[in-house]
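Enquirer: following is a predicted model, sequence given first.
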Amino acid sequence: MKSFRAAFCIFYCSNSGRFLLEHRSNEVKNGNRYGMFGGGIEKGEEPIEGLKRELFEETGYRFNHFDVLDTTLPVLIAGKLVKKEFIPKLSWESDGFLWTSEFPYPLHKQVKRNLPSLMHVLYQLGWRNNG
């Protein structure tokens, strides 16, 4: 797999038709915005292992498999299909989360920059934007 500077995951719930976003804390860069769970890849770390580490740090859950991978960008975007909405165990980097069917405002710059790819990943997971 090519090298990536960061990796993020979008969770999509098939039963509710909603996806999960984090609300970033004011304590972090680009805070008070909605983003995806994930973050930077450490030197020498495989992108998928970095994503798994970041997701555990930021949600409190371990994920070993992803349903969709978009590797066309400088960042890795993974998609994870879940049957039930779950409550993430937030780290200090987040002060909230949102299961939603539409993108809220304001969005983190990483989400805005990669919105077409992110929407494609969601579409592959079964999301249909009815708006």
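Expert: Okay, I see it. Bear in mind that the values here come from a model prediction, so they are computed numbers and not experimental data. Numbering: from 1, shown residues only.

Enquirer: how far is the helix or strand bottoming out on mean pLDDT in the chain from where the chain is centred?
Expert: Lowest by mean pLDDT, DSSP states H and E among the helices and strands of the chain is helix 109-113, with a mean of 91. How far helix 109-113 lies from its chain's middle: 11 Å, per C-alpha atoms, centre = their mean, to the nearest Å.

Enquirer: I'd like the average pLDDT over the helix or strand just after it.
Expert: From helix 109-113 onward toward the C-terminus, using DSSP states H and E, the following helix or strand is helix 115-125. If you average the pLDDT over helix 115-125, you get 95.

Enquirer: give me the contact list for helix 115-125.
Expert: 10, 12, 14, 19, 36, 67-68, 70, 72-73, 77-81, 103, 107, 111, 129 (C-beta atoms under 8 Å, 6 or more residues apart in numbering). For the C-beta atoms, the positions are set from N, CA and C on the backbone; glycine is no exception.

Enquirer: in that helix, what counts as buried?
Expert: 118, 120, 121, 122, 125 (16 or more other C-beta atoms under 10 Å).

Enquirer: look up how far residue 50 lies from the residue of the chain most remote from its centre.
Expert: Going by C-alpha atoms, centre = their mean, the residue of the chain most distant from its centre is residue 44, 21.8 Å out. From residue 44 across to residue 50, the span is 10 Å (C-beta to C-beta, to the nearest Å).

Enquirer: before we move on, what about residue 7?
Expert: 5 Å.
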